[in-house]
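Colleague: Build me a model:
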Amino acid sequence: METVYNVLFLCTGNSARSMMAEVLLDHWGKGRFKTYSAGSHPKGEVHPMTLELLRRLEFPVDQLRSKSWDEFAQPGAPVMDFVFTVCDQARNETCPIWPGQPLTAHWGVPDPVAVEGSEVERMLAFREAFRVLENRIKLFASLPFGQLDRLRIKQEIDKIGTAMPAGE
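Modeller: Predicted coordinates for the structure are as follows:
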């Protein structure tokens, strides 16, 4: 039986990028990953444009909820194998101590919520964040985990976080 890895995506608000990453890895991981997302200062709701984009692309959104990363540092929480920060602000915050010593990496993506302008311009920012995350997640999901030691996996996930997205 193949190992199922627990993966947590972190951002400050847990309303856009981390939510997209959770849904994307759930899709591209094809059952090899149990995905979660959380925020250091969760907004308490998924951003409406995140929901709109995911629905347009026919991804499930019913189970998404904005939550604190504290949920995953509590006794009885799932033990993570990987923890990824997807925003620069969360990267610079002091994270909880994660049980199980998961591998961590920073996969910073510009915040689409911060973009100002027309609705079209704002949605383009959400699409771009989605595209960057999808490219990185496809690379991550394709790693041959059973053939790599822990150090090599760490090197690969760090490299993925600096990979230029397709089309740039």
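Colleague: Quick check: which element contains D158?
Modeller: Under the criterion of DSSP states H and E, D158 resides in helix 150-162.
Colleague: which residues touch that helix?
Modeller: 82, 84, 103, 105-108, 136, 139-140, 143, 145, 148 (CB atoms under 8 Å, 6 or more residues apart in numbering). All C-beta spots, glycine's among them, are computed from the backbone N, C-alpha and C.
Colleague: Of these, just the buried ones, ChimeraX syntax please.
Modeller: Buried residues among the contacts of helix 150-162 (16 or more other CB atoms under 10 Å), as a ChimeraX selection:
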select :82,84,103,105,106,107,108,136,139,140
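Colleague: okay, the contacts of helix 150-162 in a markdown table with pLDDT next?
Modeller: Putting the contacts of helix 150-162 into a markdown table (pLDDT from 0 to 100) gives the following:
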| residue | pLDDT |
| --- | --- |
| F82 | 96 |
| F84 | 95 |
| L103 | 94 |
| A105 | 93 |
| H106 | 91 |
| W107 | 94 |
| G108 | 90 |
| R136 | 96 |
| L139 | 96 |
| F140 | 97 |
| L143 | 95 |
| F145 | 92 |
| L148 | 91 |
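Colleague: Please report how far the closest residue to V79 other than its chain neighbours lies from Y36.
Modeller: In space, and not counting its chain neighbours, V79 is closest to G100: 3.9 Å by CB to CB, 6 or more residues apart in numbering. The gap separating G100 from Y36 is 14 Å, by CB to CB, to the nearest Å.
Colleague: go on, E134?
Modeller: In terms of CB to CB, E134 sits 18 Å off from Y36.
Colleague: and if you look at R65?
Modeller: Distance of R65 to Y36, given as CB to CB: 11 Å.
Colleague: Tell me which of these two has more neighbours.
Modeller: Legend: neighbour count by other CB atoms under 10 Å for R65 and Y36, higher for Y36 (23 against 13).
Colleague: Pop out the phi and psi values for the more buried one.
Modeller: Note on Y36: its backbone torsions stand at phi -140, psi 160 [degrees, to the nearest 10].
Colleague: Look at the residue nearest to V79 and tell me its secondary structure.
Modeller: coil (DSSP: H, G, I helix; E, B strand; the rest coil).
Colleague: and it, what does it touch?
Modeller: Contacts of G100 (CB under 8 Å, 6+ apart): V79, M80, D81.
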